[in-house]
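# What would the 3D arrangement of this be:
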Amino acid sequence: MNLPNRVTLLRIFMVPVFLVILALHLPWGDYIAAAVFVLAACTDGLDGYMARKHKQITSLGKLLDPLADKLLISAALIALVELDRLSGWVAVVIVGREFAVTGLRSLAVAEGVVLAASKLGKIKTVTQIVAIVALFLRDYPFNLINIPFGNMAMAVAVVFTIWSGMNYFQQAGFLLRTKD
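Residues are numbered from 1 along each chain as shown. Predicted structure coming up:
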């Protein structure tokens, strides 16, 4: 197993770590969990960069990387719903988009087409990470001046989530049309 795949596995193993930290309700636990989440999120770009730079792109990596991303984001969203910091419908929209795009990509692969990650998809990921961290931190330091940054950031993330999902479906529209 190469180093980029190990970094991806590390991201997967960090998911239960930050969830356990949240579940223990430790003093400063939200901040520690947010730090673990940020570290895990940073490995997303790192593993891809290393794989491309060292020409170590593997089938295992192509499978594990998106799985790790979805596990990390989904776990964080579900935890935020459980902590009553996020409405359940927001988590459903984001996780539902991930399932839909994953299904679309699977269909594309079956037809011999690769749907590459789009710029909108990358923006979506960054906005989700920023919003999730803000909600874990309970909007600190913005809460000191009464600005609901986490909610505003999550609204932006939902917009980019829907927009990027629609963009993927628009790109792959030819796959979805029925053939006569």
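
# quick one, helices of the protein?
3-23, 29-53, 59-82, 88-110, 119-136, 149-171, 173-176 (DSSP state H).

# would CSV of those helices with mean pLDDT, distance to F142 and mean neighbour count be doable?
To be clear about C-beta, it is placed using only N, CA and C from the backbone, and glycine gets the same treatment. Listed next are those as CSV, based on pLDDT from 0 to 100; distance: least, Cβ to Cβ, whole Å; neighbours: other Cβ atoms under 10 Å:
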stretch, mean pLDDT, distance to F142, mean neighbour count
helix 3-23, 93, 21, 18
helix 29-53, 90, 14, 18
helix 59-82, 90, 17, 18
helix 88-110, 91, 19, 15
helix 119-136, 94, 7, 20
helix 149-171, 94, 4, 18
helix 173-176, 74, 40, 10
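
# Next up, the contacts around I78.
Neighbouring residues of I78 by Cβ atoms under 8 Å, 6 or more residues apart in numbering: A91.

# please redo it, this time with the cut-off set to 10 Å
Contacts for I78 (Cβ atoms under 10 Å, 6 or more residues apart in numbering) come out as 19, 86, 88, 91, 95.

# roughly how far apart are it and V126?
For I78, the distance to V126 equals 20 Å [Cβ to Cβ, to the nearest Å].

# Same check on D69?
Distance from D69 to V126, by Cβ to Cβ: 12 Å.

# Find residues that contact each of these two.
With Cβ under 10 Å, 6+ apart, D69 and V126 have common neighbours A41.

# Give me the residue at the spatial middle of this protein.
Nearest to the mean C-alpha position of the chain, counting by Cα atoms, centre = their mean, stands I73 at 4.0 Å.

# show me the contacts for that residue.
Counting by Cβ under 10 Å, 6+ apart, I73 touches 15, 37, 41, 44, 91, 94-95, 98, 124-125, 128-129, 132, 157, 161.

# quick check, nearest of those to A117?
Closest approach between the contacts of I73 and A117, by Cβ to Cβ: T125, at 8.9 Å.

# Who are the contact partners of L22?
Residues near L22 by Cβ under 10 Å, 6+ apart: 29-30, 32-34, 36-37, 75-76, 79-80, 82-83, 136.

# If you could redo that for W163, that was the one I meant.
97, 120-121, 123-124.
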